[in-house]
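[1] sharing a sequence plus its predicted fold:
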Amino acid sequence: MSIDQDVTATTEEFPEVAQRYRRELLAHCYRMTGSVYEAEDLVQETYLRAWRAYEGFEGRSSVRTWLYRIATNVCLTNLEGKDRRPLPTGLGTVVSRPGDELVEESEIPWLEPVPDTAVMVTERDSIRLAFVAALQHLPARQRAVLILRDVLRWKAAEVAEALGTSTAAVNSALQRAHAQLAAKGLSEDSVVPDLDPRQQDLLDRYVDAFWRKDIDAIVGMLTADAVWEMPPYTAWYRGAETIGRLIDGQCPGGVHDMVMLPTSANGQPAFGLYMRTARGNFVPFHLQVLTTDGERVSHVGAFFDTRLFATFGLPPSLPAR
């Protein structure tokens, strides 16, 4: 059955037809919530509601559009009364110094990365970490309008029908969303094309520099105004030299203590960093998501939620070497 034929899917065919949209619906719910784990739960809730309502589905739209409508409203209900999910740079605090005491805030619902293997997107920039972080600054309904209009390219009338509002209200919400993001200097991050040999060499040298804990080499691969942030710690750092001093002074690993395995998150290069234990093996420490300008690393999000290793399909430990 083709996608164009999914309007006439029978009740028996519905699970198979709906399943083909799971990865793009996960991306949609992730953009709305900023959490890969909440997104997974909300996709499940979307399918449950859709299954219960499918006998009344009249086929005035495709199953795909109908599922997006349900998912959007499931997300809006879930977001009621909840705080947005920030990165440390979104807390409004000043840049930190590398010698400052690290403050952990586990009560803050931090933004989380999402594995590329779990989602399907037409445009990679719509899932970039910087863009999803920018979305979290918007009220939930403005966020929904911007995603449906700018990312999914729905018409204003279609968005209005999905959200139970007017076309004028949708257009007004979109204008306010654009204005708020512009006022904060936030936008979709530019997307670097698929890695070429030079960029892959940068990543290989980056991994090797952490293995050797070569601070000078790490600093040399960062842009002058690079940013490093690492939830659940509230501090964030700007500048290659500052980040180098942070890694040198605060990172517990020494030479040959840090192994990095490659993965990808939010359409960006990512690495699971494993730390050597006293027994010689390596255990999860944090997941780094990198933004590059093609020649250097301009942003590192180091996520210390070690549940992410399993979510990204990374092993729970590595043998001694």
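    The structure has been received and is ready for your questions. Numbering: from 1, shown residues only.
[2] quick check on T263: phi, psi?
    Phi and psi for T263, reported as degrees, to the nearest 10, are phi -150, psi -170.
[3] quick one: contacts for it?
    For T263, the residues meeting the contact criterion (CB atoms under 8 Å, 6 or more residues apart in numbering) are P115, A270, F271, G272, L287, F312, G313, L314. The way it works is simple: take the backbone N, C-alpha and C, and place the C-beta from them, glycine included.
[4] most neighbours, which of the residues you listed?
    Among those, the one with the most neighbours (other CB atoms under 10 Å) is L287, at 28 neighbours.
[5] assumed it was part of a helix.
    No - L287 sits outside any helix when classified using DSSP: H, G, I helix; E, B strand; the rest coil, being strand.
[6] and the residue nearest the centre of this structure?
    Closest to where the C-alpha atoms of the chain average out (CA atoms, centre = their mean) is P113, at 3.6 Å.
[7] quick one: it from V132, how far?
    9 Å (CB to CB, to the nearest Å).
[8] same check, this time on L79
    For L79, the distance to V132 - CB to CB - is 14 Å.
[9] now D305
    16 Å.
[10] follow-up on the earlier one: looking at L79 and V132, which is more packed in?
    The neighbour comparison of L79 against V132 (other CB under 10 Å) goes to V132, with 25 against 20.
[11] now A144, what's its secondary structure?
    A144 - assigned by three-state DSSP - is helix.
[12] which non-adjacent residue is nearest it?
    T72 (5.3 Å; CB to CB, 6 or more residues apart in numbering).
[13] check contacts around that neighbour.
    Shown in contact with T72 (CB under 8 Å, 6+ apart): H28, M32, A144, L148, A162, L163.
[14] of all the residues you listed, which comes closest to K213?
    Nearest to K213 among the contacts of T72 is M32, at 39.2 Å by CB to CB.
[15] where does that closest one land on pLDDT?
    Looking at M32, its pLDDT is 97.
[16] quick one: contacts for it?
    A39, L42, T72, C75, L76, L79, L135, A140, R143, A144, I147.
[17] where does the stretch 101-250 of the chain have low pLDDT?
    For the stretch 101-250 of the chain, the stretches flagged by pLDDT under 70 are 186-194.
[18] now the helices: where do they sit in it?
    Remark: helices assigned in the stretch 101-250 of the chain by DSSP state H, counting those that start in this stretch are 129-135, 140-146, 156-163, 167-183, 197-212, 215-220, 240-250.
[19] which neighbouring elements make contact with the fifth one?
    Using 3 or more CB pairs under 8 Å, 6 or more residues apart in numbering; DSSP states H and E as the contact criterion, the neighbours of helix 197-212 among helices and strands are helix 215-220, strand 258-265, strand 268-276, strand 282-292.
[20] what does the shortest one give?
    With contacts defined as 3+ CB pairs under 8 Å, 6+ apart, the packing partners of helix 215-220 are helix 197-212, helix 240-250.
[21] run through who's touching that helix.
    Residues contacting helix 215-220 (CB under 8 Å, 6+ apart): R205, Y206, D208, A209, F210, A240, E241, I243, G244, I247, D248.
[22] in TSV: the residues you listed, plus distance to S126.
    Below are those laid out as TSV (distance: CB to CB, whole Å):
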residue	distance to S126
R205	30
Y206	26
D208	32
A209	31
F210	30
A240	29
E241	34
I243	28
G244	33
I247	31
D248	36
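[23] in ChimeraX, how would I select the buried members of those?
    Typed into ChimeraX, the next command selects the buried ones out of those (criterion: 16 or more other CB atoms under 10 Å):
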select :206,209,210,240,243,244,247
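[24] coming back round to it: let's have the helices and strands packed on helix 215-220 in CSV, adding distance to R20.
    Formatted as CSV, the helices and strands packed on helix 215-220 follow (distance: least, CB to CB, whole Å):
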stretch, distance to R20
helix 197-212, 32
helix 240-250, 42
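[25] mind checking which of those is nearest I108?
    Comparing the helices and strands packed on helix 215-220 by CB to CB, helix 240-250 comes nearest, at 19.8 Å.
[26] against which helices or strands is that closest one packed?
    helix 215-220, strand 222-229.
[27] which of these sits most buried?
    With neighbours taken as mean count of other CB atoms under 10 Å, the helices and strands packed on helix 240-250 reach their highest mean count in strand 222-229, at a mean of 19.
[28] how close does the closest residue to T65 other than its chain neighbours sit to C29?
    Nearest residue to T65, sequence neighbours excluded (CB to CB, 6+ apart): E158, at 7.5 Å. E158 is 19 Å from C29, where distance means CB to CB.
[29] ok, the two, which is more surrounded?
    Neighbours per residue (other CB under 10 Å) separate E158 from C29, with C29 holding more: 27 against 19.
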